[in-house]
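[1] Just a sequence and a predicted model for now, questions to come.
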Amino acid sequence: MDDLLGQLFLSLAGRDKGIVCTVVGKPDDEGYVLIADGRIRKVENPKKKKLKHLKPIDVAPLDVEKLTNRFIREAINGLEDKSEPTL
């Protein structure tokens, strides 16, 4: 599970479908993780989500020491900027 901390994921199901988020913790339940996106879902109040409803994004994980709302938002915004085509 520790290898999932800071990893970016795309939510595939639920109200947050299509949202990019990161893993900020692990609850006691097997197969679940705690996610936050730094905007709607803050690090202080993460969402419990099944791993099977998340698709990993192929980028380097975020620094676990810096998992703040601002850091997560900036990382996600930087990822979205790279994915947009240039004219």
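    Ah, there it is. Every value quoted in this text rests on a predicted model; they were computed, and no experiment measured them. Numbers count the residues shown, from 1 in each chain.

[2] Could you measure from the residue most central in space within the chain over to residue 9?
    When CA atoms, centre = their mean is applied to the chain, the residue found nearest the centroid is residue 22 (1.7 Å). Computed with CB to CB, to the nearest Å, the distance linking residue 22 and residue 9 is 7 Å. Bear in mind the C-beta positions are built from the backbone N, C-alpha and C, glycine included.

[3] and for the two, which residues touch both?
    residue 35 (CB atoms under 8 Å, 6 or more residues apart in numbering).

[4] hey, what's the residue nearest to the centre of the chain bridged with?
    Residues in a beta bridge with residue 22, per DSSP bridges, are residue 8, residue 36.

[5] quick one: the helices in the chain?
    69-83 (DSSP state H).

[6] where does it have low pLDDT?
    The model of the chain has pLDDT under 70 over residues 1-2, 81-87.
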